[in-house]
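>>> sequence unknown, structure follows:
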């Protein structure tokens, strides 16, 4: 086997068991770097927001749209992005997503005002919706050996779980030592590297001509997801009882119901409903959604605590998450490669969700006088171990046995789960924490010392609720996943 044969196999050559092993791992490197662009972006931009707001002189009310513009475009177009990857070829769609995402990031970094930055974030979301499912579906079709698949998804799942914390470190460093604009420009640096790897190692893209796009499905699911994500965003900024919030959430549910009705009758559905019928795939996607809800408590409220109560700088706040990242990466890589093929997803995911709940219970003990080493580090270690068991395994099972023609759509579903789960977590936990803090101040007074105590009281409530979400996820995993090793549970690959 020559180097040229490894890099450029004949068109149509399989990339699974028949392809050179070293080439498959280079493909994993390309896909992991591409996924890193999407995962890092959320927390990197959040860290940069205060500086961007001061530099571009936009209001606090407008600030949420820098986040919301991205999430609405990304969440609503994921299924279309997954289907386009299936029809136009994963390599082609992945590279379009990379180039578009990087270009939009460059425009965002060069923004001269709020409209330009918000528009760039929306375009980032559009291309992110192409990039994310194309990367995951390429991974799904590249690794068909159960042992190699476990290793690959362990690494990929570690990036998905730890990327947000890495973004905090990177965003803090870039904002503190360079400029907030580099929190956007960093995607161009990563994108060039990912694009070179993709050009060298990804197999040729194969089109499926003559298969029409289910535009009725695209419109109904897109509008439904926009309504739901926007509805939860409004619940966070207005209230749960606001007519706008209620109207958006009801409209979202109705539109998603209409989407399912359209898919039942469509000759070429955007989402073949058989994908949802698989027991393990359905359980895995539900677990990912639940994890998205609970994860919000780890990053946002803990970041607030270490900055506002412990006085950490933005960079040091990101570095504070390193113990969790280290454990998550190690457990995900080993667990998905060794435990999942042997024991199956049921108890592995259930134990992981229970551990994550335990870590959040530790965080719920925080007080204004708690120390980083005494409370936060133990909680981070436990949560890292739990999430390491969950993410790689859940993504592996969520995409298993989808088939070559539907791998892109199946890969879009976990991303949708994370997006919707994050929106629910943002609205629910932030509302509960703010209400608890206000109630505490009404009872005890509003001195500076009491304000810190009220903030921690709100954080603690958010941690307890997030712990309950993960505990519920553990129960769901134990009930919904089929028993037995991965080959029996999913049918192998």
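Sure thing, it's come through. Owing to the predicted nature of the structure, the values given are computational and were not obtained by experimental measurement. Residues are numbered from 1 along each chain as shown.

>>> quick one, strands of this protein?
Under the criterion DSSP state E, the chain carries no strands.

>>> which helices and strands sit right next to the longest helix seen in it?
Of all the segments of type helix in the chain, defined by DSSP state H, the longest one is helix 407-444. Judged by 3 or more Cβ pairs under 8 Å, 6 or more residues apart in numbering; DSSP states H and E, helix 407-444 is in contact with helix 60-88, helix 90-109, helix 114-142, helix 215-237, helix 274-277, helix 279-296, helix 377-399, helix 448-480. C-betas here are computed from N, CA, C, even on glycine.

>>> now do 7 Å
In terms of contacts (3 or more Cβ pairs under 7 Å, 6 or more residues apart in numbering; DSSP states H and E), helix 407-444 is packed against helix 60-88, helix 114-142, helix 215-237, helix 279-296, helix 377-399, helix 448-480.

>>> so for it, what gets flagged as buried?
Taking 16 or more other Cβ atoms under 10 Å as the basis for neighbour counts, the residues of helix 407-444 that come out buried are 407-434, 436-437, 440-441.

>>> tell me how many other residues surround residue 279.
Per other Cβ atoms under 10 Å, the neighbour tally for residue 279 reads 12.

>>> same question for residue 97.
Applying other Cβ under 10 Å, we find 27 other residues in the vicinity of residue 97.

>>> can you name the residues that contact it?
For residue 97, the contacting residues are 127, 128, 130, 131, 134, by Cβ atoms under 7 Å, 6 or more residues apart in numbering.

>>> go again using 8 Å as the cut-off
Taking Cβ atoms under 8 Å, 6 or more residues apart in numbering as the definition of contact, the neighbours of residue 97 are 34, 81, 127, 128, 129, 130, 131, 132, 134.

>>> and residue 90, by the same measure?
By Cβ under 8 Å, 6+ apart, the contact list for residue 90 reads 134, 137, 138, 141, 202, 205, 407, 408.

>>> picking up where we left off before, any idea how far the longest helix of the chain is from the chain center?
Taking Cα atoms, centre = their mean, to the nearest Å, one finds helix 407-444 lying 13 Å from the centre of the chain it belongs to.

>>> quick one: mean pLDDT for it?
Averaged across helix 407-444, the pLDDT comes to 81.

>>> report the angle between that helix and helix 448-480.
Orientation check (axes from the mean of the first three to the mean of the last three Cα atoms, to 10 degrees): helix 407-444 against helix 448-480 gives 140 degrees.

>>> can you pick the most crowded of the contacts of residue 97?
Using other Cβ under 10 Å as the neighbour criterion, residue 134 leads the contacts of residue 97 with 34 neighbours.

>>> that one reaches residue 87, doesn't it?
No. Using Cβ atoms under 8 Å, residue 134 and residue 87 do not qualify as a contacting pair, with a distance of 11.4 Å.

>>> one step back: out of the contacts of residue 90, which comes closest to residue 306?
Sorting the contacts of residue 90 by how near they are to residue 306, with Cβ to Cβ, puts residue 134 at the top with 35.7 Å.

>>> tell me who's in contact with that closest one.
If you count contacts by Cβ under 8 Å, 6+ apart, residue 134 has them with 81, 82, 85, 90, 93, 94, 97, 408, 411.

>>> ok, 6 Å please
Going by Cβ atoms under 6 Å, 6 or more residues apart in numbering, residue 134 touches 85, 90, 93, 94.

>>> check the burial of residue 178 by counting its neighbours.
For residue 178, the count of nearby residues is 12 (other Cβ under 10 Å).

>>> can you read off the backbone torsions of it?
phi -120, psi -100 (degrees, to the nearest 10).

>>> and the pLDDT at it?
Taken from the predicted model, the pLDDT recorded for residue 178 is 86.

>>> residue 160 too?
69.

>>> likewise residue 260?
Looking at residue 260, its pLDDT stands at 90.

>>> can you tell me the closest non-neighbouring residue to it?
The spatial neighbour of residue 260 that comes closest, neighbours along the chain excluded (Cβ to Cβ, 6 or more residues apart in numbering), is residue 273 at 7.3 Å.

>>> pLDDT score for residue 252?
What the model reports for residue 252 is a pLDDT of 91.

>>> next up, the contacts around it.
Counting by Cβ under 6 Å, 6+ apart, residue 252 touches 224, 227, 228, 231.

>>> make it 8 Å
With contact set as Cβ under 8 Å, 6+ apart, residue 252 has these partners: 224, 225, 226, 227, 228, 231.

>>> quick one on the thing from earlier: can you lay out the helices and strands packed on helix 407-444 as TSV showing distance to residue 106?
Shown next, in TSV, are the helices and strands packed on helix 407-444 (distance: least, Cβ to Cβ, whole Å):
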stretch	distance to residue 106
helix 60-88	15
helix 114-142	8
helix 215-237	26
helix 279-296	29
helix 377-399	30
helix 448-480	36
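
>>> for those helices, which one ends up most surrounded?
Burial of those is given as mean neighbour count (mean count of other Cβ atoms under 10 Å); helix 377-399 ranks first at a mean of 28.

>>> and the angle for that helix with helix 114-142?
Using the same axes, to 10 degrees, helix 377-399 lies at 60 degrees relative to helix 114-142.

>>> what angle do helix 377-399 and helix 279-296 make?
For helix 377-399 against helix 279-296, the angle by the same axes, to 10 degrees is 150 degrees.

>>> and helix 377-399, what does it pack against?
With 3+ Cβ pairs under 8 Å, 6+ apart as the test, helix 377-399 has helix 114-142, helix 146-177, helix 279-296, helix 322-334, helix 340-343, helix 345-363, helix 407-444, helix 486-490 packed against it.

>>> hey, least reliable of the ones you listed by pLDDT?
In terms of average pLDDT, helix 486-490 trails the rest of those, at a mean of 46.

>>> could you measure from residue 213 over to residue 399?
Per Cβ to Cβ, to the nearest Å, residue 213 is found 22 Å from residue 399.

>>> rewinding a little: with distance to residue 277 added, can I get the contacts of residue 97 in JSON lines?
Listed next are the contacts of residue 97 as JSON lines, based on distance: Cβ to Cβ, whole Å:
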{"residue": "34", "distance to residue 277": "30"}
{"residue": "81", "distance to residue 277": "22"}
{"residue": "127", "distance to residue 277": "31"}
{"residue": "128", "distance to residue 277": "28"}
{"residue": "129", "distance to residue 277": "24"}
{"residue": "130", "distance to residue 277": "26"}
{"residue": "131", "distance to residue 277": "28"}
{"residue": "132", "distance to residue 277": "23"}
{"residue": "134", "distance to residue 277": "24"}
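
>>> which residues does the most centrally placed residue in the chain contact?
The C-alpha lying nearest the average C-alpha coordinate of the chain belongs to residue 418 (Cα atoms, centre = their mean; 4.8 Å). For residue 418, the contact set (Cβ under 8 Å, 6+ apart) comprises 160, 288, 289, 291, 292.

>>> does the third one really touch residue 417, like I thought?
Yes. Applying Cβ under 8 Å, one finds residue 289 in contact with residue 417, separated by 3.7 Å.
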